[in-house]
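>>> Quick one, what's the 3D model for this:
(2 chains)
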There are 2 protein chains.
Amino acid sequence: MQLHHKRVTKPYSQADLKKVINELAPTLSDRIHLSQSIREQHGRGEDSYGCIAPDAVIYPFSNEEVAQIVQLCNRYKIPVIPFGTGTSVEGHLLAVHGGISLDLSEMDQIIEINAADMDCRVQAGVTREELNKALRYDGLFFPVDPGANASIGGMAATQASGTNAVRYGTMREAVIGLTIVTPEGEIVKTGTRARKSSAGYDLTQLYVGSEGTLGVITEIQLRLHPVPEIIKSAVCSFETVDGAVNTVINAMQMALPLARIELLNALQMEACIAYSKLEGFTAQPTLFIEFHGTESAVNEQIEQLQDICQAFSGKEFQWAETTEQRNALWKARHNAYPAAHLLKPNSKVLTTDVCVPISALAVSIADSERLAEEAGLSCPVVGHVGDGNYHVLIVFDPENSEQSKAAKQLSEKIVHRALQLSGTCTGEHGIGFGKKEYLLSEHGDAVEMMRCIKKSLDPNNIMNPGKVFDL
Amino acid sequence: MQLHHKRVTKPYSQADLKKVINELAPTLSDRIHLSQSIREQHGRGEDSYGCIAPDAVIYPFSNEEVAQIVQLCNRYKIPVIPFGTGTSVEGHLLAVHGGISLDLSEMDQIIEINAADMDCRVQAGVTREELNKALRYDGLFFPVDPGANASIGGMAATQASGTNAVRYGTMREAVIGLTIVTPEGEIVKTGTRARKSSAGYDLTQLYVGSEGTLGVITEIQLRLHPVPEIIKSAVCSFETVDGAVNTVINAMQMALPLARIELLNALQMEACIAYSKLEGFTAQPTLFIEFHGTESAVNEQIEQLQDICQAFSGKEFQWAETTEQRNALWKARHNAYPAAHLLKPNSKVLTTDVCVPISALAVSIADSERLAEEAGLSCPVVGHVGDGNYHVLIVFDPENSEQSKAAKQLSEKIVHRALQLSGTCTGEHGIGFGKKEYLLSEHGDAVEMMRCIKKSLDPNNIMNPGKVFDL
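All right, here's what the predicted structure looks like:
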């Protein structure tokens, strides 16, 4: 989004950058890239913030190589921006102070799978789909599913979650240990493989969600889950968003252990039906639901949820009868974002990510829809409503400066309303470059403590500077 | 334990202490205590480290009063030791550098209960039993149960857990936000009421388990759970510890959602039978088990667990038929510690708290029992084996210096063996004063990062100095 752009200020000279590159060249030569095309690929995510390319892109193979690069960059105060798969939606990858993009995709080894303890250790560049492929013979799976086939390192850094979090938790619950390369280039291991520990400060949780600003996450120890005996997916449509949301609120308050419960409003359903060529669905507010468990547990859950749906005028459940149907259903759900793009030609999409207490969800969504209408903007809504987290996909014409401004204002209003409701400005995307003002609104004095920690661990401010907060 | 004692070194003068007391007197007069008896009550926990009394004890009523006290103490570099109910077992309360004990027991208000969102906010001095009493009309409960009727503030500070953690998690999962008074006397709120957030660094989790070294926790936002439809408790005894432990390992690997599964070895059973006058039990390795859920879910779990028990030569389940029987059973379990004391007159008990990956549990416990036998010490074993966490209660005669030394050496060996097995030196008690060396063995370089954070947030080292690590 053009509105956000600032001038790039670099805290280092090109001569110093050259020194670093020259020092790294003997060991990393063909893994150091300076071409414009590769640099531009690394200066953006999947968002509407555009591109600010780094000065170089390096592909390390090991913790030791990452440490070597970071040590040198620290000596010359050259920023380091860790890069996973480039699926950030909050401008995390913009090189707003120049520097080097550290592409971790070559660090893609699954180091160990401890099936008996249901945990594993992976390098940061492993993607969640690769991991799940490797786990399939152990009857285990890694549940966190943000839609994109993101890297585990990137997911840890942004505290990602997604459709399964309502049952299995977010990256915060999944990550039990890390290997970090600190801003001064030390390799440090956090956590243990025990299920719990009270040994010292929880550095693991400090780094989960630190968005690359405290160091480079190079390895992740993850909690896994057994593949459920039975998986059943269904769809239930409603006359009103309110009916669908109240169904979710009631299900959560009964502590029904649903594996997924996702809302799409009428406009989002219209977009998804068109984009994914869904048959037999109508453009009405709809819940996408998944049940995991033993046969009797799943049947009990289905019965209880059907009762609640009925009470709020939900239609009959439409079942995904085969694995293919189920996969198609969730693929359509995950393609909500490109589908929204197609609602208007040449549009961009600005995504909100608020998360509110479940009791405030109905009023929060109703307010968001009203505000969107007042702003005259098309706004599909899709979300992980079981967690109180939903996205308003604000579709706007980037060439139309009034519409761009209205989009930004709408996003602001939705966030501030969520904060009034004791919620957060970001449930799963992170603060990145785009939400720094909202972090201040949300956490006030606590941001000063975050700055204090950042300054103590990264005195030269080399790790992804200009993200999360300004110093 | 005499072995641990060091000389008290105070970083302040008595004149400065007097200045602080005099400045606080106008507002806090009758809540400032200087008598020896009250100071001595506050210089010890329920452990074997003895007592080092603080110079004064103050009972604040509000966040603002805590902030005022901490600001003054910070100005004069006078240590502040937060005090809940005094049930620490790791020497957290020893005033090893003098200072003021801040007794939070008067901050005992339940600020809000949000039944619809299953969360609540309490002041730090609320105890877990008081909280559960207040929740009973909402059909909710707070599951973390370390045995002692500890304060919620103390439980958050030590990252406590207990018998229910295998199903409901530890304080880390329960705490979703805090009010903290920082070492410089600022009042800061962390977290939100949303179920998840990616907004900035997770200060909440940094403070959970920080053991009073980063500030004073004054308010806690907690996740609650619905009271289960059905609760059933049973006991199952085994010929060997190995049979009992392998039952647990198998149950965990099947992801059976047991609410509690606790092991007592033969000696611990003998002690508990004698102390709690349990009838109909034999002094054999025994599992205490609890099932929570709907009727059909509980029946399914019982059937599955009985099959596993049978495979490892477990006896028939003995059921607690009434609520009274169930409460008596768990009371006997919670009294393991005083029961162990009675095994030998005038003995003390040194408790280990290792936690290992579940696959290593059998070998870890077998090694611990072997090491205890080699040391010639009586060692009841009791633990939250579903989490891989167990306590060896090393009973020794404090007047016998050889036995005291042997007890300490045994504890060390058990810890180092657990670390070899990818475990932790403390599953739930914290590092405190007694396990600082083990933290170094366990976390190496990461401790330097912890020190860095501590120094940045508490430059004068006033918050519970001498605990967790030395600076």
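>>> The one helix or strand A:Arg451 maps to and chain B in contact?
In the assignment (DSSP states H and E), A:Arg451 maps to helix A:445-457. Yes - in terms of C-beta under 8 Å from any C-beta of the partner chain, part of helix A:445-457 sits within range of chain B, namely A:Asp445, A:Ala446, A:Val447, A:Glu448, A:Met449, A:Met450, A:Cys452, A:Ile453, A:Lys454, A:Lys455, A:Ser456, A:Leu457. Every residue, glycine included, has its C-beta placed from N, CA and C.
>>> Stretch A:143-153 too?
No - Stretch A:143-153 stays clear of chain B (C-beta under 8 Å from any C-beta), getting no nearer than 10.9 Å.
>>> try stretch A:120-138
No - Stretch A:120-138 does not reach chain B (C-beta under 8 Å from any C-beta); its nearest approach is 10.4 Å.
>>> What of stretch A:169-178?
Yes - against chain B, stretch A:169-178 shows contacts by C-beta under 8 Å from any C-beta at A:Thr170, A:Arg172, A:Glu173.
>>> contacting residues around the closest residue to the second one other than its chain neighbours?
Spelled out, that is A:Arg172. In this structure, A:Arg172 finds its nearest non-sequential neighbour in A:Val208, 5.5 Å apart by C-beta to C-beta, 6 or more residues apart in numbering or on different chains. Shown in contact with A:Val208 (C-beta atoms under 8 Å, 6 or more residues apart in numbering or on different chains): A:Ala156, A:Ala157, A:Gln159, A:Met171, A:Arg172, A:Val175, A:Leu178, B:Asp202.
>>> and if we set it to 6 Å?
A:Ala156, A:Gln159, A:Met171, A:Arg172, A:Val175 (C-beta atoms under 6 Å, 6 or more residues apart in numbering or on different chains).
>>> Could you dump those into CSV and include neighbour count, secondary structure and pLDDT?
Shown next, in CSV, are the contacts of A:Val208 (neighbours: other C-beta atoms under 10 Å in any protein chain shown; DSSP: H, G, I helix; E, B strand; the rest coil; pLDDT from 0 to 100):
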residue, neighbour count, secondary structure, pLDDT
A:Ala156, 27, helix, 98
A:Gln159, 27, coil, 98
A:Met171, 26, helix, 98
A:Arg172, 23, helix, 97
A:Val175, 25, strand, 98
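>>> quick one: which of those is nearest A:Gly427?
A:Gln159 (9.3 Å; C-beta to C-beta).
>>> unless I'm mixing things up, that closest one is touching A:Gly209, no?
Yes - shown here, A:Gln159 and A:Gly209 form a contact pair, counting by C-beta atoms under 6 Å, at 3.3 Å.
>>> domains for chain A, by residue range?
For chain A, the structural domains run A:107-226, A:229-427, going by automatic domain parsing.
>>> so which strand or helix has A:Leu263?
Here A:Leu263 sits within strand A:260-264, counting by DSSP H and E.
>>> pLDDT of that strand, averaged?
In this model, strand A:260-264 carries a mean pLDDT of 96.
>>> helices or strands next to it in the packing?
strand A:286-293 (3 or more C-beta pairs under 6 Å, 6 or more residues apart in numbering or on different chains; DSSP states H and E).
>>> send the alpha carbons of the helix or strand just after the strand it packs on over as CSV?
Following strand A:286-293 in sequence order, the next helix or strand is helix A:295-311 (DSSP H and E). The C-alpha trace of helix A:295-311 is given here as CSV (Å, rounded to 0.1, in the frame of the first residue of the first chain):
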residue,chain,number,x,y,z
GLU,A,295,-16.2,-42.5,16.2
SER,A,296,-18.4,-42.1,19.3
ALA,A,297,-16.8,-38.8,20.3
VAL,A,298,-17.3,-37.4,16.8
ASN,A,299,-20.9,-38.6,16.6
GLU,A,300,-21.5,-36.9,20.0
GLN,A,301,-20.0,-33.6,18.8
ILE,A,302,-22.0,-33.7,15.6
GLU,A,303,-25.2,-34.2,17.4
GLN,A,304,-24.5,-31.4,19.9
LEU,A,305,-23.5,-28.9,17.1
GLN,A,306,-26.5,-29.8,15.0
ASP,A,307,-28.7,-28.9,17.9
ILE,A,308,-27.0,-25.5,18.3
CYS,A,309,-27.2,-24.8,14.5
GLN,A,310,-30.8,-25.6,14.5
ALA,A,311,-31.5,-23.2,17.4
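>>> ok, back up a step: ok, of the contacts of A:Val208, which one's closest to chain B?
The shortest approach to chain B among the contacts of A:Val208 belongs to A:Gln159, at 4.2 Å (C-beta to the nearest C-beta).
>>> which phi and psi does that closest one have?
With angles defined as degrees, to the nearest 10, A:Gln159 sits at phi 50, psi 60.
>>> ok, now how distant is it from B:Ala283?
Separation of A:Gln159 from B:Ala283 (C-beta to C-beta, to the nearest Å) stands at 49 Å.
>>> Equivalent analysis for A:Arg44, please.
Shown here: A:Arg44 relative to B:Ala283, a distance of 68 Å by C-beta to C-beta.
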